[in-house]
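> Sharing a sequence plus its predicted fold:
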Amino acid sequence: MDPSAVQKSSPPIAPAAYGQPPPKSVPPPHVVTPGKWSTGLCDCFSDVSNCCITCWCPCITFGQIAEIVDEGSTSCGASGALYTLTGSACMYSCLYRTRMRKQYMLPENPCADCLVHFCCETCALCQEYRELKNRGFDMSIGWNGNVKKQNPGITMAPNVQGGMSR
């Protein structure tokens with residue numbers, strides 16, 4: 001037999017168990033399907049540390065979300081303080097859920113954004129945090145930190161004050 005005539009074949013695939021559907025390929029957890037939330041509203045315990053922080057101090061989680069959604073135009077601290085001081089935190093935070101949904105073309109489910117925040121404030125904040133995290137943001141470093149991380153080596157020109165001297 002001529003060695004060049006031998007075709008290389010791929011390794012055999014194990015058959016599915018009798019009566020069972022064939023295994024499906026599962027995308028890695030960091031792959032986000034456009035137009036779909038990457039986690040459910042009640043999946044809070046999939047990120048236990050964030051769940052605990054959000055339960056005890058939701059202003060921190062909200063501040064992190066607002067800084068990313070606003071693309072750095074508001075700081076985490078300022079947003080967190082506003083969240084705490086507004087007196088109707090769920091109304092303020094639902095505006096950011098709406099903004100985030102529009103940015104990432106996410107469906108308004110399980111119900112209207114303000115209703116989600118009114119009934120399940122902690123769960124909603126945890127879901128939004130996980131969504132941004134699953135989209136590649138490092139929530140602990142804020143917007144500017146994520147921009148620097150994404151564009152290493154690019155520096156900004158220094159801000160020079162004053163005019164020319166004579």
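Happy to help now that I have it.

> secondary structure element for residue 35?
Using DSSP states H and E, no element contains residue 35; it sits outside every helix and strand.

> Format the CA atom coordinates belonging to stretch 51-61 as CSV.
What follows is stretch 51-61, C-alpha atoms only, in CSV (Å, rounded to 0.1, in the frame of the first residue of the first chain):
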residue,chain,number,x,y,z
CYS,A,51,-23.6,39.4,46.3
CYS,A,52,-22.4,40.0,49.9
ILE,A,53,-21.1,43.5,49.1
THR,A,54,-24.3,44.4,47.3
CYS,A,55,-26.5,43.1,50.2
TRP,A,56,-24.6,45.1,52.8
CYS,A,57,-23.6,48.2,50.8
PRO,A,58,-25.4,48.4,47.5
CYS,A,59,-24.0,51.9,46.9
ILE,A,60,-20.6,50.4,46.1
THR,A,61,-21.9,48.1,43.5
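
> Report the mean confidence score over that stretch.
Regarding stretch 51-61, the rounded mean pLDDT is 93.

> Flag every buried residue along it.
51, 53, 54, 58, 59, 60, 61 (16 or more other C-beta atoms under 10 Å). Glycine gets a C-beta too; all of them are placed from N, C-alpha and C.

> The fourth one and residue 123 touch, don't they?
Which is residue 58. No - look at residue 58 against residue 123 with C-beta atoms under 8 Å: they stay out of range, at 10.8 Å.

> I'd like the buried residues of stretch 51-61 as CSV, with distance to residue 102 appended.
Putting these into CSV (distance: C-beta to C-beta, whole Å) gives the following:
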residue, distance to residue 102
51, 26
53, 26
54, 23
58, 22
59, 23
60, 24
61, 20
